[in-house]
Structures are given as C-alpha cells and as structure tokens.
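Chemist: when you get a sec, could you give me coordinates for this:
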Amino acid sequence: MFRFVNMSSSPPLHLPIPSNLQRLTCFSDFPYDIRHLIWEDIIYTPGIHFLKFEHNDDVEMDDSDSVTDDEDSTTESSSTPQIRRDAKRTKFTSTLMPVFPLPAADKSYYLTMNKTFAQLSLACNEAKNLVNDVVARPGNLTLENGRLVLLDRSSDIVCFDYPGVKWSRALGYWADNLDLEQLAKVRRVAIRYNIGWDEKCRVCRTCGIVHNFHHFYRNHDNLRPRHAYEFAALFKNLETFYFIDYLAVRKKRDKSMSTSCIYAEQGKESGDKGEHFASGEGERTYFEVDPQSCKVHTHVFRTLDWVRDNYIAHCKKRSVGRADPENVKFKVLSCEWDAEELVPHKRQGIKPTRVSNKRHRSRLSNVTDSLKKANLHDTPNPDTNLYRGLPVVFGDGGQSKFEFTIDVPYPSST
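Modeler: I've put the predicted structure just below:
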C-alpha cells in the first residue's frame with residue numbers, strides 16, 4: 001500500500017501500489033556485503049522470550065553409569081531419543097519449557113523468529129545457507145522438544161517464571177540441581193516485578209521521603225525478593241538483569257513515530273536512550289525504562305539497587321555467577337502497544353453529508369494529481385516548493401526498518 005501519514009485529525013489516505021513496484025527486483029545487484037547486512041538485520045532482530053521452570057516431581061538422581069547403560073541397551077534402541085529426554089529430565093530438579101502450552105497464547109518472539117527463518121530459507125540459497133549456519137551453532141538455546149529459542153550471543157531477553165517468583169523468600173528446592181550449561185547460554189535475564197515487594201513502604205509526612213530508620217521500614221527487607229539475586233547468580237555469563245514493571249509509562253510519547261523495535265535507531269536520535277525488544281504476535285514492544293523520561297509508580301528502582309548489592313555480595317561469598325559481578329547491568333523494562341490507538345475515537349454528532357464527501361473526493365483527486373505532476377527523481381527541483389510534513393511510506397505500513405520516502409507538492413487550497 002501507498003500510505004500518507006496524515007498530520008490532521010482526518011483519516012489517512014491509502015493508495016494502492018502497482019504490482020510491478022511492490023518487489024525490490026534490484027536486490028540481487030547489491031554487493032554481497034550489503035545483502036549480508038540486510039539478512040543479518042532480519043535474523044538478529046532483538047526480541048523477548050517467555051519461559052518457565054517446571055519442577056520435576058519424580059526426580060531421580062541417576063548417576064552417569066546407569067544412564068549410559070540404558071542408552072546402550074539394544075532392546076530399546078527404537079526409543080533412544082525418548083530415553084535420553086527422560087534421563088535428562090530425571091537428572092535435574094526442574095525443566096525449562098514455554099510458559100503457555102499452546103503457541104497461540106505464547107507471545108514470545110522466538111515463534112516469530114522461527115517463522116522468519118522458514119521464510120528466508122525459501123527466499124534464496126544465499127539466505128538459506130546463512131540461516132542454516134546460524135541455526136547450527138552450538139551456543140544456541142533449545143528446549144527439550146528441539147524448539148530454537150535463543151541464538152548464540154544475541155541481544156534477546158529471556159523472561160523467566162519459576163515457582164515462588166512472586167514471593168520474597170529464597171529459591172526453593174526446585175532449583176537445587178538445574179542444567180547450568182543450558183543457563184550459561186542466556187546473557188539477558190528478566191523477571192516480572194511484583195508490587196507486593198514494596199506495598200508496605202510508607203512516605204514521611206514531613207519531607208515526603210521513605211527513611212530507612214523509620215520503625216515501619218525496619219523490617220522491610222523481609223519483603224525484598226531474595227530469590228531474585230540468587231536466581232541471577234545461576235547464570236555465569238549474565239550481562240544484564242531486568243525487572244519488568246508494566247506500570248511504568250512514558251511521560252510524553254511522540255505518536256508520529258512507531259514504537260516497534262525496528263525503529264530503535266530513530267528512537268535514540270529523538271532522545272530515547274534505551275533498547276527496544278519485540279514480542280511475538282502480541283503487537284507490543286518492550287523498552288528500557290529511563291527514570292527521566294518515564295513515570296514510575298512503584299519502588300522498582302529502589303528494589304533493583306537492593307538486588308544488585310546483594311547479587312554482588314552473594315557471588316563473591318558463594319563463588320557463583322560471573323567472576324566479575326560488578327560488571328552486570330541492572331535495568332527496568334516496560335512495554336507499550338505498537339499501534340497508536342487501540343480503539344479509535346468515536347465522532348459524536350457528526351454525520352456524513354454530500355458536501356463532506358465531495359470535499360473528500362476533491363482532496364483525494366488533488367493529491368493524486370500532485371503525484372502525477374511530481375518529479376520523482378533523487379534530486380528534486382530546487383524551484384519546487386515541497387511540503388516537508390507529509391511523508392510517504394512504501395510497503396507494509398511502517399513495519400520495515402528500510403524505508404523509501406519521497407516529498408510531493410502539497411496541493412494549495414483555493
């Protein structure tokens with residue numbers, strides 16, 4: 001479609017693009033380096049994935065010899081893969097799996113990522129070879145069913161749910177023996193923030209600040225999530241730890257710019273310093289919360305500082321986690337819908353009339369006539385007065401990072 005981004009309250013104009021202009025036929029003429037950068041930009045789109053640890057009820061701490069004997073048995077050679085999965089499940093106290101049993105309910109980005117890989121593999125041999133090379137890397141994170149979740153050394157975030165994640169106590173027995181080699185492939189970890197961790201904080205009526213020495217704040221450490229820093233210490237290659245606070249919102253949002261993560265570079269230019277991460281089919285984008293540009297309704301940053309201090313002390317005392325825990329970053333995430341308006345505003349008291357329809361048709365004809373008369377070259381005529389506030393976007397409605405825009409003369413009103 002050919003979409004005009006309308007700056008007024010009237011609906012945007014949608015003009016169809018001819019079929020011969022909907023494909024970039026000169027892509028094969030690009031140098032290999034340029035094509036490779038485009039493929040990588042599609043493959044390594046930053047996203048967020050949602051997984052959970054489920055406790056194995058029938059945990060049997062089998063030694064390696066007994067497992068090997070079962071695998072070498074000739075009577076059960078047909079079910080060897082199933083035996084290996086069962087042996088791995090009984091070896092560890094918990095198993096990593098998707099949060100939701102049905103893919104339709106899962107909002108993880110790895111579902112979209114695998115669909116993208118399938119489409120790229122059918123596009124051309126060049127993209128297929130690149131996808132096969134990325135998928136075959138040993139550092140990728142895969143689940144027991146073989147589903148690819150996380151690429152090696154990618155910037156994706158994995159949000160974990162586990163038993164007692166909303167509590168303030170330590171990790172339970174479900175984490176006594178986990179697959180640490182599997183967790184070593186994850187570099188960015190996130191858990192959902194629970195408002196119950198700061199519900200008993202009180203504000204001083206005199207100065208408006210929460211003081212640590214007040215009697216009502218004396219036992220507040222009992223509400224802190226001790227399991228958070230213990231869980232973070234399980235990842236020996238951890239780079240960033242996140243709290244997801246869904247109550248944090250932007251103070252002022254530029255509606256003319258899409259919130260999708262593919263516009264991350266444009267967001268940085270407009271003052272948004274954080275990174276953006278795509279979700280699955282949920283049409284939401286997760287972004288790093290900046291206290292200067294976002295309104296935070298909880299004590300998430302105070303709790304995050306407490307987790308960071310205890311994480312560093314815990315790693316040094318128990319010799320777990322990273323060798324340099326001071327270099328781990330602690331940040332806050334929030335999310336927003338990619339659509340500008342989920343429910344369009346209803347116009348009350350305005351009924352369409354023949355006059356308004358005539359105006360709409362005349363406006364549409366003026367725009368199309370201007371397009372026909374426009375000089376669509378790389379270097380516009382310096383004598384032509386161009387309207388800079390009317391961008392034209394080709395393709396899938398702004399969902400692609402690579403844009404092709406032109407300026408067209410704005411029809412003068414008479």
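Chemist: just the element for residue 309, please.
Modeler: With secondary structure defined by DSSP states H and E, residue 309 is part of helix 300-318.
Chemist: so which elements touch that helix?
Modeler: Helices and strands touching helix 300-318, by 3 or more CB pairs under 8 Å, 6 or more residues apart in numbering; DSSP states H and E, are helix 226-232, strand 240-244, strand 329-337. (Glycine included, C-beta is placed from N, CA and C.)
Chemist: I'd like the average pLDDT over the second one.
Modeler: When pLDDT is averaged over strand 240-244, the result is 97.
Chemist: now that strand against helix 300-318, angle please.
Modeler: In this structure, strand 240-244 runs at an angle of 140 degrees to helix 300-318, with axes from the mean of the first three to the mean of the last three CA atoms, to 10 degrees as the basis.
Chemist: so where's the protein uncertain?
Modeler: 1-15, 58-90, 199-222, 253-273, 282, 339-414 (pLDDT under 70).
Chemist: need the helices for it, in chain order.
Modeler: Listed in chain order, the helices found in the chain under DSSP state H are 32-43, 64-71, 80-91, 109-123, 125-135, 180-183, 226-232, 264-269, 300-318, 354-373.
Chemist: what comes up buried for the shortest one?
Modeler: Under the neighbour-count criterion of 16 or more other CB atoms under 10 Å, helix 180-183 has residue 183 buried.
Chemist: can you list contacts of that helix?
Modeler: The set of residues external to helix 180-183 that reach it, using CB atoms under 8 Å, 6 or more residues apart in numbering, is 96, 141, 234-236.
Chemist: quick one, which of those residues are buried?
Modeler: Among those, those classed as buried by 16+ other CB under 10 Å are 96, 141, 234-235.
Chemist: my guess is residue 50 contacts residue 105. True?
Modeler: No: between residue 50 and residue 105 there is no contact, the gap being 10.3 Å when judged by CB atoms under 8 Å.
Chemist: could you give me the buried positions within stretch 133-149?
Modeler: Neighbour-count burial for stretch 133-149, counted by 16+ other CB under 10 Å, picks out 134-135, 140-141, 149.
Chemist: tabulate these (CSV), appending distance to residue 45.
Modeler: Compiled in CSV, the buried residues of stretch 133-149 are given as follows (distance: CB to CB, whole Å):
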residue, distance to residue 45
134, 13
135, 15
140, 16
141, 16
149, 14
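Chemist: dump the contacts of helix 180-183 to a markdown table, plus distance to residue 197.
Modeler: Output for the contacts of helix 180-183, formatted as a markdown table (distance: CB to CB, whole Å):
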| residue | distance to residue 197 |
| --- | --- |
| 96 | 25 |
| 141 | 28 |
| 234 | 20 |
| 235 | 21 |
| 236 | 26 |
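Chemist: for those, which one is nearest residue 31?
Modeler: residue 141 (32.9 Å; CB to CB).
Chemist: what is the neighbour count of the closest residue to that closest one other than its chain neighbours?
Modeler: On the basis of CB to CB, 6 or more residues apart in numbering, the spatially nearest residue to residue 141 that is not a chain neighbour turns out to be residue 150, at 3.7 Å. Taking other CB atoms under 10 Å as the neighbour definition, residue 150 ends up with a count of 23.
Chemist: re earlier: go through the helices and strands packed on helix 300-318 and name the closest to residue 22.
Modeler: strand 329-337 (27.4 Å).
Chemist: and the buried ones among the contacts of helix 180-183, which two are furthest apart?
Modeler: Farthest-apart pair in the buried ones among the contacts of helix 180-183 is 141 and 234; separation 14.2 Å (CB to CB).
Chemist: considering the buried residues of stretch 133-149, which is situated nearest to residue 117?
Modeler: When the buried residues of stretch 133-149 are compared for distance to residue 117 (CB to CB), residue 135 wins out at 6.8 Å.
Chemist: what residues are up against that closest one?
Modeler: 117, 148.
Chemist: over to residue 150?
Modeler: Residues touching residue 150, when contacts are defined by CB under 8 Å, 6+ apart, comprise 49, 110, 140-141, 156, 158, 185-186.
Chemist: how close does residue 251 sit to residue 144?
Modeler: According to CB to CB, to the nearest Å, residue 251 stands 43 Å off from residue 144.
Chemist: out of the contacts of residue 150, which end up buried?
Modeler: If you count burial by 16+ other CB under 10 Å, the buried members of those come out as 49, 110, 140-141, 156, 158, 185-186.
Chemist: surely residue 128 meets residue 120?
Modeler: Yes: distance between residue 128 and residue 120: 7.0 Å, which falls inside the contact criterion (CB under 8 Å).
Chemist: more neighbours: the two, which one.
Modeler: Looking at residue 128 and residue 120 with other CB under 10 Å, you find the greater number of neighbours at residue 120, namely 18 against 14.
Chemist: right, and that one touches residue 131 too?
Modeler: Yes: assessed by CB under 8 Å, residue 120 is found in contact with residue 131 at 5.2 Å.
Chemist: give me the common contacts of the two.
Modeler: Common neighbours of residue 120 and residue 131, using CB under 8 Å, 6+ apart, are residue 43.
Chemist: between strand 329-337 and the helix holding residue 309, find me the angle.
Modeler: When the same axes, to 10 degrees is applied, the directions of helix 300-318 and strand 329-337 differ by 140 degrees.
Chemist: outside of helix 300-318, which residues touch it?
Modeler: Applying CB under 8 Å, 6+ apart, the set of residues contacting helix 300-318 from outside is 193, 197-198, 210, 221, 224-226, 228-230, 232-233, 241, 243, 245, 248, 291, 320-322, 325-326, 328, 330-332.
Chemist: are any of these buried, and which?
Modeler: Listed as buried from the contacts of helix 300-318 are 193, 197-198, 210, 224-226, 228-230, 232-233, 241, 243, 245, 248, 320-322, 325, 328, 330-332; burial here means 16+ other CB under 10 Å.
Chemist: let me see the contact set for the nearest residue to residue 332 once chain neighbours are set aside.
Modeler: Counting by CB to CB, 6+ apart, residue 332 lies nearest to residue 289, which is 4.1 Å off, once chain neighbours are set aside. For residue 289, the residues meeting the contact criterion (CB under 8 Å, 6+ apart) are 245, 248, 274, 296, 331-334.
Chemist: picking up where we left off before, which of the buried ones among the contacts of helix 180-183 fall in strands?
Modeler: Residues of these located in strands (DSSP state E): 96, 141.
Chemist: any idea which of the buried ones among the contacts of helix 180-183 is closest to residue 163?
Modeler: Within the set of the buried ones among the contacts of helix 180-183, residue 96 lies nearest residue 163; the separation is 13.1 Å, counting by CB to CB.
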